[in-house]
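A.B. asks: Below are the sequence and a predicted model; questions follow.
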Amino acid sequence: MTVSYCYNQPDRVAPETRRRVREAAAELGYRGPDPTARSLRRRHVGAIGVVLGEHLAYAFEDPQARRFLAGVAEVCRERGSGLNLIPTTGADDDVERVRSASVDGYIVWTTVDTDPVLEVVTGQGKPVAIHGGPAFPGARVVGIDNRASARELAARTFTGAQRPAVLSFPFDRDRRPRRETGPSPGGVSFPVTRERLLGIYDHLEDASGLPVAVVARNDREEAANLADELLGTGADAVVAMSDQLAFAVLDAAVRRGLRVPEDLAVAGWDGGPDAEAAGLTTITQSLFAQGRDCALIALGERGAARAAEWTATVRTSTR
């Protein structure tokens with residue numbers, strides 16, 4: 001009992017006794033109570049897990065993910081909690097990696113409707129927040145109304161356009177870059193992509209001939225070729241599903257000598273500082289605030305999730 005007090009409640013032990021116990025522990029090679037065993041007894045680990053649905057480097061490369069995780073990290077700092085990043089890519093060992101994570105609650109970065117990880121995280125009796133969807137029993141969804149924001153952005157961007165087009169997030173986990181014409185939103189597995197496509201279709205009413213280029217990742221450089229392909233179809237207005245993808249379209253416009261917005265209107269999502277500098281019309285949202293909300297839910301400190309705020313910020317990239 002005295003040894004236990006020395007490590008767990010040292011104020012209850014006289015300084016000389018603590019010194020003798022520490023000396024004896026050092027001679028025996030004893031390093032103190034095992035933190036894993038301690039967490040099992042207390043049923044509290046002191047960390048939350050973020051299931052990325054991407055390779056680990058994505059958390060540091062993608063501007064959206066960085067802003068979101070900064071919000072999560074701020075809450076962890078305030079509450080003295082640790083942060084466990086859990087990458088999943090659709091491999092067979094994803095479920096076991098998530099199940100074995102020592103965390104008090106989970107945050108799931110946007111994933112597909114059929115991800116088996118969703119059943120795992122919601123089946124452990126721990127709080128779960130899902131960013132962007134899908135909705136799943138036992139979890140709370142945090143994010144903006146993607147369909148409504150897409151409907152408004154399309155109205156802003158496609159005004160006066162004869163040949164509208166879309167530069168889209170991935171449709172499913174195969175992440176195959178491609179160009180389609182009027183694809184069915186029902187075949188899209190990622191909820192954010194699906195809702196944004198539905199909102200654009202709401203505005204167009206007839207989208208059967210709409211060119212939609214699908215990227216593999218939210219990356220400006222990787223999207224360059226697909227952006228150029230879209231402009232090669234004669235597109236005179238492009239809604240891109242992020243600011244990074246919109247920048248790829250603006251880059252392609254420069255290469256082709258097109259004037260923005262006279263020859264080509266462009267808009268995106270997120271509203272970071274770079275969007276303002278580029279004069280980009282965009283859906284402004286705070287991924288930082290959404291990260292905070294998700295972290296508070298994962299720590300069991302927030303009740304029912306509320307819809308995140310967004311606004312259409314109109315600048316010089318649209319007519």
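C.D. replies: Nice, I can see it. Numbering: from 1, shown residues only.
A.B. asks: could you give the mean pLDDT of stretch 31-39?
C.D. replies: Mean pLDDT, computed over stretch 31-39, is 55.
A.B. asks: same deal with stretch 248-263?
C.D. replies: pLDDT averaged over stretch 248-263 gives 98.
A.B. asks: Give me the buried positions along it.
C.D. replies: By neighbour count with 16 or more other CB atoms under 10 Å, stretch 248-263 contains the buried residues Ala248, Val249, Leu250, Asp251, Ala252, Ala253, Leu258, Val260, Pro261. C-betas here are computed from N, CA, C, even on glycine.
A.B. asks: where along the chain do the helices fall?
C.D. replies: Along the chain, the segments classed as helices by DSSP state H run 2-8, 15-28, 35-42, 58-61, 63-79, 94-99, 117-122, 146-157, 191-204, 224-232, 243-256, 273-278, 287-298.
A.B. asks: Give the residue spans of the stretch 201-319 of the chain that score low on pLDDT.
C.D. replies: 303-306 (pLDDT under 70).
A.B. asks: Quick one: end-to-end length of stretch 110-121, please.
C.D. replies: Across stretch 110-121, the terminal residues are separated by 14 Å (CA to CA, to the nearest Å).
A.B. asks: and that stretch, what's its mean pLDDT?
C.D. replies: pLDDT averaged over stretch 110-121 gives 93.
A.B. asks: buried residues in that stretch?
C.D. replies: Within stretch 110-121, the residues scored as buried using 16+ other CB under 10 Å are Thr110, Thr111, Val112, Asp115, Val117, Leu118, Val120, Val121.
A.B. asks: How about stretch 283-294?
C.D. replies: Buried-residue list, stretch 283-294, by 16+ other CB under 10 Å: Ile283, Thr284, Gln285, Ser286, Leu287, Phe288, Gln290, Gly291, Arg292, Asp293, Cys294.
A.B. asks: and if you look at stretch 74-92?
C.D. replies: Buried residues in stretch 74-92 (16+ other CB under 10 Å): Val75, Cys76, Ser81, Leu83, Asn84, Leu85, Ile86, Pro87, Thr88.
A.B. asks: Export those residues to TSV and append columns for pLDDT and distance to Thr193.
C.D. replies: Shown next, in TSV, are those (pLDDT from 0 to 100; distance: CB to CB, whole Å):
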residue	pLDDT	distance to Thr193
Val75	97	27
Cys76	97	29
Ser81	96	31
Leu83	97	27
Asn84	96	27
Leu85	96	23
Ile86	95	22
Pro87	92	20
Thr88	91	18
